[in-house]
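Undergrad: structure, please.
(2 chains)
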Amino acid sequence: MKRLFVGTMCAGAVLALAACGSSGSGSASSGSSGTIAIGAWSPLSGPIAPSGTQVTAGAKAAFDEVNAAGGINGKKIEYTTLDNAFDAQQTIQTARKLVGEKKVVAIVGADGTAATAAAFPYVLKQSKVPILFTYGGSSTWYDPPQAGLFGAQTLYENQAAALAGWAVSSGAKHIVVVHDDPAAFLNVANHVVSAAKEKDPAIQTDLVPVKLNTTDYSPVVAQVKAKSPDAVVLILPVPEAAAYLKQAKLQGVTAQPYGYAPDADPGLLKLAGDAAEGFRTLSLTKLPTDTADPAVAGYVAALKKSAPDQVPSFYSIYSYAAAKAFIKILQGIKGDITAASISQAAESASGIDTGLLPPLSFSADKHLGTDQVIRLTVTGGAFAAQGGFTSPTGS
Amino acid sequence: MREFVLSTLSGIASGAVYGLMGLGLVIIYRATDVVNFALASMATTAMLVGTTAVGWGWGVLGGLAAAVLVCSVGGVAVREVLIRPLGSGQLFTALVVTMGVALILDDVQLHVWGGQPRTFPPLVGGEVHIAGAAIQNQQLLTVAVAGVAMLAVGYLFTRTPLGAAMRAVAESHPTAQLLGINPHRIARLAWALGMGLAAVAAGMFTPISGVTIGGLQGSLFFAFTGIFLGGLTSMTGAVVGGLAIGVLANWAAAYVSASFRDTVVFAIAVAVLLLRPQGLFGKQTFERV
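TA: A predicted model of the protein is given here:
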C-alpha cells in the first residue's frame, strides 16, 4: 500500500512538472509557422453574447482585411477567439488554451473587465504575453502601468469628467447624478461630482441611488423633480436609462439628461422612443453610421465582407479600430514578432491614428492610449456627433 | 405630496403586474403542487412571439393573443413533457426542472431574437394627471385587468364545477380520481390558465418596460413575495399581496433607501408572516398527528 502511494505521488509529480513545462514561459513567437497567432476571449454565449459577438466580428474584420492585403511582412494573422461566457473561471481556461496550446503572441480585443483581470496572473505575469486593447478596463489596470497591459478605451472615470465638464459648460448650476447602487456605478457617479466641483466649486450636486434592475422609475423621477436640478447625469444601464427618460418626460422633468458611453446604444433609442430626444451622451469612437467619413466607410465595407450578418455598431467599430491600431504596432516591429517585441513596440508607440479612435499614444509610464471622447446628442431619433474628439482635461 | 401620490399610484400599477403573475403561480401550485420558476422566461418568450406577430401586421390585440396562446400552450407542454413524467410527490425535482426550463428559454430567446431590446405597443395610450402626478392609461388598465382577473378566477374556483374539480385535485389527487375527476386534465387546464395569466401580465408590463431577456425576473421575484405575503393558496391573496408589495417597494425606495428597498420589503413581509404564517388571506391548515 505504501509503495502504491509513493508510486502514485511520483507519477503525479512528473505529470505536474510536465504541465508546468508546457504552460507557457513568455517565449511565444510567430517564427517558423508563417503566421502570427493572436487570441482573444469574448462572451459568445449567455446574456452578454449579443455584444460579445459584435466585438469579435469587428476585430476579425480588421485582421481579415490585413490578411487579404498580404498580411504583416508576408505573414498572415491567425486570430482565434474563444467563448468565455463572461465568466472569470472560463476565461482562465480559454487563456490556457490560447497561450499554452495556440501559442499566441498577444491577446487583442478581449471582452470584459472582471473576466480579463482574472487572466492577468497567468497571461501577463506567468506567460509574459501582452494583453492589448480590451473592450473594458479599469483605472487600476493602468495606474500604475502593468507590464504588457495596454488600453485604447477611455475609462469610465474620464467619461464621468467629460459629462461633468459638458454640463458645467452648458450652464448647469445644480447637477443630480442618478446611479445604480453597486460600487462600480457609485464610483463613476462620485467622479462626476468631483469633476463638476473641480470645474465650478460653487456647483450644487446630489446623488440619487437606485436599486440595480429597477423597472419603475416613478419614485426616482419624483425625487429628481423635487430637487429641481439643471442637469441630470445617468450612470445606469440602457434599460434603466430608458425607463428614467420615459418617466421624466411623463412627469415633466425638463432638466437636461446626460448619460455615459454605455448608453450610446441603439437599444436606448428603441426603448425610450421620443423621450430620448435631446439626450446627451458620449462615444469612444466615431459614429458607425457616419459613412460619409472614409474611415467609417472602410470599417463598414470590411465588416460586410468578413461578417455579412453583422450590423455596424459601437461595439464592432471599437474592436475594428483597436485591431487596426494593433496592426500598426506590428508593422513597426523590425525583426521577429514575439510577445516581448510586441510589448516593447506598444510601449513606444505614439500618434497611432486609425481614423476611428482618438490618436493613441503610449510610453513606459502611460499604458492607456487616450482619454478622449466624442459628444453625442440624440437628434431626430438618432445619435448625432457634436464635434470631434475632446479630452476632459481640455487637451 | 406629488411624490407620495406618484409613488403610490405607480406602485399599485407595478403591484398589479406582480399580482397577475402571482395569480398564475398560485393556480398552477394549487392544482399541481409545482412552483413554476420558469414563469418569467416563458412569458418573455411569449412576448417576443407577440412582437414578431405585431411586426407581421397583426396589431396589438393580435400580438397579445399570440403571446397568450403561445404561453398557455407552452405551459401545457412543459407540464406534460417535463413535469408529469416525474410522477407525484417530486416537488423539489419539479422545481429544479422549471429552473432548467428558464435557463434554456433564455438561451433560445438570445439565438432566435438576438439580444437587443424590443418594444410592444400599449393597448391604450395617453396619461391622466392625479394630484400633479402623471399616470399612464396603460398602468391604470393593468390595475383594472388584475382586478377583473382576480374576480374571474375567484368565481371560477368557487362557483363552477371546473373550479370545484380543481380544488378537489388540489386537496387530494387519489380522492379526486375516485370521484371520476381526471387530475391530468385538470393539471393541463391549470397550467394553461396560469401561464395565460402570466402572458397577460407581461402584455400589460412590457409596453412600459420593453421586452428584454431577463426583464421579467425582477417582477417574478416580487410576485413570489406577494404570494407569500398574501397566502400561498389564496387567489385573492396573490393579487392583494402583489399590490401591497408594489406599493411597499416604491415607498421604501422613495422614503427609506433605494439600496435597502428589498430589505425593507422583505422585512415587512417576514414580520407579517411571523404574526400570521398562512399569509394575509391564506387558510391555516392542521394536520392530525
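Undergrad: now do the contacts for the closest residue to A:T80 other than its chain neighbours.
TA: Spatial nearest neighbour of A:T80, chain neighbours left out: A:G39 (4.9 Å); criterion: C-beta to C-beta, 6 or more residues apart in numbering or on different chains. (C-beta placed from N, C-alpha, C; glycine too.) A:G39 is in contact with A:79-82, A:98-99, A:102, A:104, A:106-108, counting by C-beta atoms under 8 Å, 6 or more residues apart in numbering or on different chains.
Undergrad: quick one: strands adjacent to the host helix or strand of A:G39?
TA: Here A:G39 sits within strand A:35-42, counting by DSSP states H and E. Using DSSP bridges, the strands paired with strand A:35-42 are strand A:76-83 (parallel), strand A:106-108 (parallel).
Undergrad: off-centre distance for that strand?
TA: 17 Å (C-alpha atoms, centre = their mean, to the nearest Å).
Undergrad: same deal with stretch B:81-99?
TA: The answer for stretch B:81-99 is 19 Å, by C-alpha atoms, centre = their mean.
Undergrad: check whether that stretch comes into contact with chain A.
TA: No - using C-beta under 8 Å from any C-beta of the partner chain, stretch B:81-99 never reaches chain A; the gap is at least 15.9 Å.
Undergrad: what's the end-to-end length of that stretch?
TA: Counting by C-alpha to C-alpha, to the nearest Å, you get 15 Å between the two ends of stretch B:81-99.
Undergrad: do the same with stretch A:146-159
TA: End-to-end span of stretch A:146-159 (C-alpha to C-alpha): 22 Å.
Undergrad: now do it, average pLDDT.
TA: Averaging pLDDT along stretch A:146-159 gives 96.
Undergrad: pLDDT score for residue 136?
TA: Looking at chain A here, since you left the chain open. The predicted local confidence for A:G136 is 90.
Undergrad: hm, I was asking about chain B
TA: Reported pLDDT for B:Q136: 94.
Undergrad: low-confidence ranges, the chain, go.
TA: Because you didn't say which chain, this covers chain A. For chain A, the stretches flagged by pLDDT under 70 are A:1-33, A:393-395.
Undergrad: actually, chain B is the one I wanted.
TA: Those would be B:284-289, if you go by pLDDT under 70 across chain B.
Undergrad: which part of it gets nearest to chain A, residue-wise?
TA: Closest residue of chain B to chain A, C-beta to the nearest C-beta: B:G115 (2.7 Å).
Undergrad: chain B: which of the contacts of A:G39 is nearest?
TA: Checking the contacts of A:G39 against chain B with C-beta to the nearest C-beta, the nearest one is A:T81 at 17.5 Å.
Undergrad: distance of the residue most central in space within chain A from A:A40?
TA: What sits nearest the mean C-alpha location of chain A, by C-alpha atoms, centre = their mean, is A:Y135, with 2.7 Å. Per C-beta to C-beta, to the nearest Å, A:Y135 is found 9 Å from A:A40.
Undergrad: what's the overlap in contacts for those two?
TA: Common contacts of A:Y135 and A:A40, defined by C-beta under 8 Å, 6+ apart, comprise A:109-111.
Undergrad: residues of the stretch 101-250 of chain B that sit close to chain A?
TA: Proximity of the stretch 101-250 of chain B to chain A (C-beta under 8 Å from any C-beta) is limited to residues B:106-107, B:110, B:114-119, B:127, B:133-134, B:136, B:208-210, B:212-215, B:217-219, B:246, B:249-250.
Undergrad: and residue 146, which of the three is it?
TA: By default, I'm working from chain A. Recorded secondary structure, A:Q146: coil (DSSP: H, G, I helix; E, B strand; the rest coil).
Undergrad: wait, chain B
TA: For B:A146, the secondary structure call by three-state DSSP comes out as helix.
Undergrad: and the gap between the nearest residue to A:S228 once chain neighbours are set aside and A:D230?
TA: Computed as C-beta to C-beta, 6+ apart, the closest residue to A:S228 that is not its neighbour in sequence is A:H174, at 7.2 Å. Applying C-beta to C-beta, the value for A:H174 to A:D230 is 5 Å.
Undergrad: with A:A292 instead?
TA: According to C-beta to C-beta, A:A292 and A:D230 sit 34 Å apart.
Undergrad: which one's more surrounded, those two?
TA: For A:A292 versus A:D230, neighbours defined as other C-beta atoms under 10 Å in any protein chain shown are more numerous around A:D230 (18 against 7).
Undergrad: if I pick that one, what's in contact with it?
TA: By C-beta under 8 Å, 6+ apart, A:D230 lies in contact with A:167, A:171-175, A:255-256.
Undergrad: repeat that for B:V112.
TA: Contact analysis of B:V112 by C-beta under 8 Å, 6+ apart lists B:L48.
Undergrad: helix or strand for it, which one?
TA: Following DSSP H and E, one finds B:V112 within helix B:91-113.
Undergrad: list the buried ones in that helix?
TA: Of all the residues in helix B:91-113, those buried under the rule 16 or more other C-beta atoms under 10 Å in any protein chain shown are B:94, B:97-98, B:101-102, B:105-106, B:109-110, B:113.
Undergrad: do stretch A:163-181 as well
TA: Within stretch A:163-181, the residues that qualify as buried are A:163-168, A:172, A:174-181, counting by 16+ other C-beta under 10 Å.
Undergrad: ok, now stretch B:185-195?
TA: Buried residues in stretch B:185-195, counted by 16+ other C-beta under 10 Å: B:186-195.
Undergrad: which strand residues bridge the closest residue to A:E277 other than its chain neighbours?
TA: Leaving aside its sequence neighbours, A:E277 sits nearest to A:V378 (C-beta to C-beta, 6+ apart; 5.7 Å). When assigned by DSSP bridges, A:V378 has beta-bridge partners A:F383.
Undergrad: so who does A:V378 touch?
TA: Residues near A:V378 by C-beta under 8 Å, 6+ apart: A:269, A:276-281, A:384.
Undergrad: and the residue of the stretch 1-150 of chain A found nearest chain B, how many neighbours does it have?
TA: Distances between the stretch 1-150 of chain A and chain B by C-beta to the nearest C-beta are smallest at A:P50, namely 2.7 Å. By other C-beta under 10 Å, 17 other residues sit near A:P50.
Undergrad: please enumerate the strands of the stretch 51-200 of chain A.
TA: Remark: strands assigned in the stretch 51-200 of chain A by DSSP state E, counting those that start in this stretch are A:76-83, A:106-108, A:131-132, A:149-150, A:174-180.
Undergrad: so which bits of chain A are right by chain B?
TA: For chain A, the residues in contact with chain B (C-beta under 8 Å from any C-beta) are A:45-47, A:49-51, A:181, A:208-211, A:213-216, A:218-223, A:225-226, A:238-239, A:242-243, A:246, A:250-252, A:266-267, A:270-271, A:273.
Undergrad: pull out the buried members of those residues.
TA: Buried members of the residues of chain A next to chain B, counted by 16+ other C-beta under 10 Å: A:45-47, A:49-51, A:181, A:208-211, A:214-216, A:218-223, A:225, A:238-239, A:242-243, A:246, A:250-251, A:266-267, A:270-271, A:273.
Undergrad: per-domain residue ranges of chain A.
TA: As assigned by automatic domain parsing, chain A contains the domains A:33-154+A:292-364, A:157-283+A:375-390.
Undergrad: please consider this matter closed, and thank you.
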